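Student: Give me coordinates for this.
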Amino acid sequence: MTQNIRGSLMRKINDEVLNLKNSPLYKYRTENNFLPVIGEGSQTAKIMFVGEAPGRNEAKTGRPFCGMAGKILDELLTSIKLPRENVYITNIVKDRPQNNRDPNPEEIEIYGPFLDRQIEIIKPKIIATLGRYSMDYIMKKFDLNSELQPIGSAHGKMFDAKASYGPIKIAVLYHPCVAIYNRSKLPILKKDLEILKYH
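Tutor: Below you'll find the predicted structure:
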């Protein structure tokens, strides 16, 4: 798949999300002049990070992980010498839920297919899930239901799976916001991220 085709397919996703009137978050987005957050980074990335949903800074700018959680993610990437521009970063839900609440099952169901298409466009070798909602969605998508555990047990682990385009690995990570509320968790997040260095 050429870069032009990838870019065109991503723009199509952006246009569809922009006009996603059947989403319960559409009205909230348009009333607040927010933007959908599709994702950013290399469209040929080997590693794809998947979070849960955009926060306020993200919805204002249309960029994923550009607020406080983004600063921590940047710090984590730097700790393993992985340039942010070499990876692709996105969320399951592309619009901000009200008051920064967790995404609900209906929202995950509506936005999930867009993420599925992004995975098929980028064809990453590793999908790194950020947080329990992302872990739950990706593990189930790749038929790893039997491996599902609470994130407190699963974080820092790598699972083998099969995508339509070949073998893939799923890396389960805490969401960077964990370290916003508890800075002492940062060394754990850094240690977990090291599993990406060897693949």
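Student: the longest helix in the protein is where?
Tutor: Taking DSSP state H as the assignment, the helix of the chain that covers the most residues is helix 105-122.
Student: Determine the three-state secondary structure at residue 168.
Tutor: Under DSSP: H, G, I helix; E, B strand; the rest coil, residue 168 falls in the strand class.
Student: Quick check: neighbours of the following helix or strand past the longest helix of the chain in the sheet, parallel or antiparallel?
Tutor: The C-terminal neighbour of helix 105-122 among helices and strands, as given by DSSP states H and E, is strand 126-130. Neighbouring strands of strand 126-130 in its sheet, by DSSP bridges, are strand 47-51 (parallel), strand 166-173 (parallel).
Student: Determine which of these approaches residue 139 most closely.
Tutor: Nearest to residue 139 among the strands paired with strand 126-130 is strand 166-173 (6.5 Å), distances taken as C-beta to C-beta. Heads up, the C-betas are built off the backbone N, CA and C, glycines and all.
Student: Can you dump the C-alpha atoms of the longest helix of the chain in CSV for me?
Tutor: This file holds the C-alpha atoms of helix 105-122, laid out as CSV (Å, rounded to 0.1, in the frame of the first residue of the first chain):
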residue,chain,number,x,y,z
PRO,A,105,-19.8,0.6,25.6
GLU,A,106,-22.0,2.4,23.0
GLU,A,107,-19.2,4.8,22.1
ILE,A,108,-16.6,2.1,21.9
GLU,A,109,-18.9,0.2,19.6
ILE,A,110,-19.5,3.2,17.3
TYR,A,111,-15.8,4.3,17.1
GLY,A,112,-14.1,0.9,17.2
PRO,A,113,-14.5,0.1,13.5
PHE,A,114,-12.5,3.3,12.7
LEU,A,115,-9.7,2.0,14.8
ASP,A,116,-10.0,-1.4,13.1
ARG,A,117,-9.6,0.3,9.7
GLN,A,118,-6.5,2.3,11.0
ILE,A,119,-4.9,-1.0,12.1
GLU,A,120,-5.5,-2.4,8.6
ILE,A,121,-4.0,0.7,6.9
ILE,A,122,-0.9,0.9,9.1
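Student: could you say what helices and strands that helix packs with?
Tutor: helix 3-18, strand 47-51, strand 88-91, helix 132-141 (3 or more C-beta pairs under 8 Å, 6 or more residues apart in numbering; DSSP states H and E).
Student: What is the distance between it and the centre of its chain?
Tutor: Computed by C-alpha atoms, centre = their mean, to the nearest Å, the separation of helix 105-122 from the middle of its chain amounts to 10 Å.
Student: Next: stretch 79-93.
Tutor: 9 Å.
Student: Contacts for that stretch, please.
Tutor: 25, 37-43, 45-54, 64-65, 73-74, 77, 103, 107-108, 111-112, 115, 118, 122, 124, 133-134, 137, 190, 193-194, 196-197 (C-beta atoms under 8 Å, 6 or more residues apart in numbering).
Student: Stretch 130-147 too?
Tutor: Contact with stretch 130-147 is made by 49-53, 73, 91-92, 102-103, 108, 112, 115-116, 127, 129, 148, 150-151, 154, 159, 161-163, 168, 170, 172-177, as judged by C-beta under 8 Å, 6+ apart.
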